[in-house]
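**Student:** just need the structure, nothing else, for what follows:
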Amino acid sequence: MSTILIIFCVLAAITLATAFLAIFSRNPIHSALYLVICFFSIAGHYLLLNSQFLAIVHVIVYSGAIMILFLFTIMLMNLNKENEVHKPRITRLGAIVSFGLICVVLILVFINSKPIVGEYITTGDDYQSIKVLGKVLLNEYMVPFEFASILLLVAMIGTVLLSKKEKTEK
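**Tutor:** Residues are numbered from 1 along each chain as shown. Model prediction:
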């Protein structure tokens, strides 16, 4: 076995294990930490695919910024087992059915997908180059890029408004 295959198998095992631990852990802080480890192992997969820029951005955005927001949200919600409301069986059944339907749809999409053959493959542009990536993002994908920035701004404002405590009158 080659070294790259061994590294891939180890990273895949770490990714799957930490993803399952993030889902099944009862402590929300532990779940968030397992998710950070999962994000770092996914960044390792990007490095194996020779996509250094994407790996660094993934670590900065997901492992850095988004996980900090998750931790602040968990701390603001003050999740305790004593206060946790048990969900009715119909809610659990609905979650299981929706998960199954999403899995079926994703499997059908992957089965019916075809390889991408288009202008980006034939042009020979190096999309690892930040110059080429900047041109693509700010020319062809300008509107979705701006929508993403507005969505992040709205999420930040919503977080600030949710974290404000209301004044109680005595």
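**Student:** mind checking how far the residue nearest to the spatial centre of the chain is from Tyr46?
**Tutor:** Nearest to the geometric centre of the chain sits Tyr62, at 6.5 Å (Cα atoms, centre = their mean). Note on Tyr62: its distance to Tyr46, by Cβ to Cβ, to the nearest Å, is 11 Å. In this view, the C-beta of every residue, glycine as well, is placed from N, C-alpha and C.
**Student:** cool, Lys164 as well?
**Tutor:** The gap separating Lys164 from Tyr46 is 38 Å, by Cβ to Cβ.
**Student:** for those two, indicate the residue with more neighbours.
**Tutor:** Taking other Cβ atoms under 10 Å, Lys164 and Tyr46 do not tie; Tyr46 has more neighbours (17 against 8).
**Student:** so the closest residue to that one other than its chain neighbours is in which element?
**Tutor:** Nearest-residue entry for Tyr46: Ala55, 3.8 Å, with adjacent residues in sequence omitted and distances by Cβ to Cβ, 6 or more residues apart in numbering. Using DSSP states H and E, Ala55 sits within helix 52-58.
**Student:** mind giving me the packing neighbours of that helix?
**Tutor:** helix 28-48 (3 or more Cβ pairs under 8 Å, 6 or more residues apart in numbering; DSSP states H and E).
**Student:** what do you get if the cut-off is 10 Å, keeping everything else the same?
**Tutor:** helix 28-48, helix 130-135 (3 or more Cβ pairs under 10 Å, 6 or more residues apart in numbering; DSSP states H and E).
**Student:** number of residues surrounding the residue nearest to Tyr46?
**Tutor:** What Ala55 shows, counting by other Cβ under 10 Å, is a neighbour count of 19.
**Student:** contacts only, for it.
**Tutor:** Phe40, Ile42, Ala43, Gly44, His45, Tyr46, Leu47, Leu48, Leu49 (Cβ atoms under 10 Å, 6 or more residues apart in numbering).
**Student:** how close does it get to Leu161?
**Tutor:** Look at Ala55 and Leu161: by Cβ to Cβ, they are 34 Å apart.
**Student:** ok, now Met142?
**Tutor:** 29 Å.
**Student:** more neighbours: those two, which one.
**Tutor:** The neighbour comparison of Met142 against Leu161 (other Cβ under 10 Å) goes to Met142, with 11 against 8.
**Student:** for Leu69, grab phi and psi.
**Tutor:** With angles defined as degrees, to the nearest 10, Leu69 sits at phi -60, psi -40.
**Student:** neighbours of it, how many?
**Tutor:** 13.
**Student:** is it true that His45 touches Thr15?
**Tutor:** Yes. Shown here, His45 and Thr15 form a contact pair, counting by Cβ atoms under 10 Å, at 7.3 Å.
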